[in-house]
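**Q** return a 3D structure for these sequence lines:
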Amino acid sequence: MTSIYIVRHGQASFGKKDYDNLSEIGEKQSFLLGEHFKKLKLNFDKIYVGTLKRQIQTSEKILKNYENKINIERTQLLNEYDVKSVLTGFVNGRELTYDELHNKKTHFNLLRNSVMAWSENKITYSVNETWDQFEKRAETFLNLFKETKKNNILVISSGGTISMMLRLLLNLPSDQFANFHFQIYNSSYSKIKINENGMALSLFNCISHLEMERNSDIITYV
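**A** As a prediction, the model looks like this:
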């Protein structure tokens, strides 16, 4: 049996000049996850990670808990969709306001509406990646494991891409994407098991490594 552990990156730098870097909290979240995996005696045969800095940094913090060298493959298939492109497409190309980019409540209200319109192909303004292309990208990654012989695989990606993979795995309609997307915690992991019957989700959005810290500040969505 193969087990795939799919991890969302640690907290990034929302509201800062360069979002694509882990915050101090994100670094701690990621290290704690690696520590948790080590306590579970989890050894990974291979690691797949996206090419975004926050994803790579998450992998590095996790691996500080491991002495042995693990085969790592970086792939753009695991990168997040272009959030700014989808937001801009939803507002028909106008410049996004400061609040829309930096105020969490305003930003995520707009993002939820944008994602719903994107999933229904209602955005007519040009975006960098169509919904169908995003769906195909996630499907392409999942298909890599149809005939895998490895035992434990670690995957480090982002909330939107993970949500798309899980939606496809569970054969849910597009309008269910947002229900996954906006509840996945930073540094959480979900687990997919693969056997002769195919793929099945066995664990979703686990943050036991954070809950054990008994500090609510370390549990984040953004």
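**Q** please tell me how far the residue nearest the centre of the chain sits from Tyr48.
**A** Centroid-nearest residue in the chain: Ser158, 2.1 Å away (criterion: Cα atoms, centre = their mean). Separation of Ser158 from Tyr48 (Cβ to Cβ, to the nearest Å): 13 Å. No exception for glycine: its C-beta is placed from N, CA and C like everyone else's.
**Q** identify the contacts common to those two.
**A** Common neighbours of Ser158 and Tyr48, counting by Cβ atoms under 8 Å, 6 or more residues apart in numbering, are Leu78.
**Q** then stretch 74-91 to PDB, C-alphas only?
**A** Backbone C-alpha positions of stretch 74-91 (Å, rounded to 0.1, in the frame of the first residue of the first chain) are rendered in PDB as follows:
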ATOM      1  CA  ARG A  74      10.400  20.000  -7.800                       C
ATOM      2  CA  THR A  75       7.400  20.400 -10.100                       C
ATOM      3  CA  GLN A  76       5.300  23.400 -11.200                       C
ATOM      4  CA  LEU A  77       2.300  21.000 -11.200                       C
ATOM      5  CA  LEU A  78       2.100  21.700  -7.400                       C
ATOM      6  CA  ASN A  79       2.300  25.500  -7.600                       C
ATOM      7  CA  GLU A  80      -0.700  27.600  -6.500                       C
ATOM      8  CA  TYR A  81      -3.000  29.100  -9.100                       C
ATOM      9  CA  ASP A  82      -2.300  32.800  -9.800                       C
ATOM     10  CA  VAL A  83      -4.500  34.400  -7.100                       C
ATOM     11  CA  LYS A  84      -3.900  38.000  -8.300                       C
ATOM     12  CA  SER A  85      -4.700  37.000 -11.900                       C
ATOM     13  CA  VAL A  86      -8.000  35.500 -10.900                       C
ATOM     14  CA  LEU A  87      -8.900  38.500  -8.700                       C
ATOM     15  CA  THR A  88      -8.000  40.900 -11.500                       C
ATOM     16  CA  GLY A  89     -10.000  38.900 -14.000                       C
ATOM     17  CA  PHE A  90     -13.000  39.000 -11.700                       C
ATOM     18  CA  VAL A  91     -12.900  42.800 -11.500                       C
END
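**Q** longest strand in this structure, by number of residues?
**A** For the chain, the longest strand by residue count, based on DSSP state E, is strand 198-206.
**Q** which other helices and strands contact that one?
**A** Under the contact criterion of 3 or more Cβ pairs under 8 Å, 6 or more residues apart in numbering; DSSP states H and E, strand 198-206 touches helix 159-169, strand 189-195.
**Q** average model confidence for the longest one?
**A** If I follow you right, that is helix 159-169. Mean per-residue pLDDT for helix 159-169: 98.
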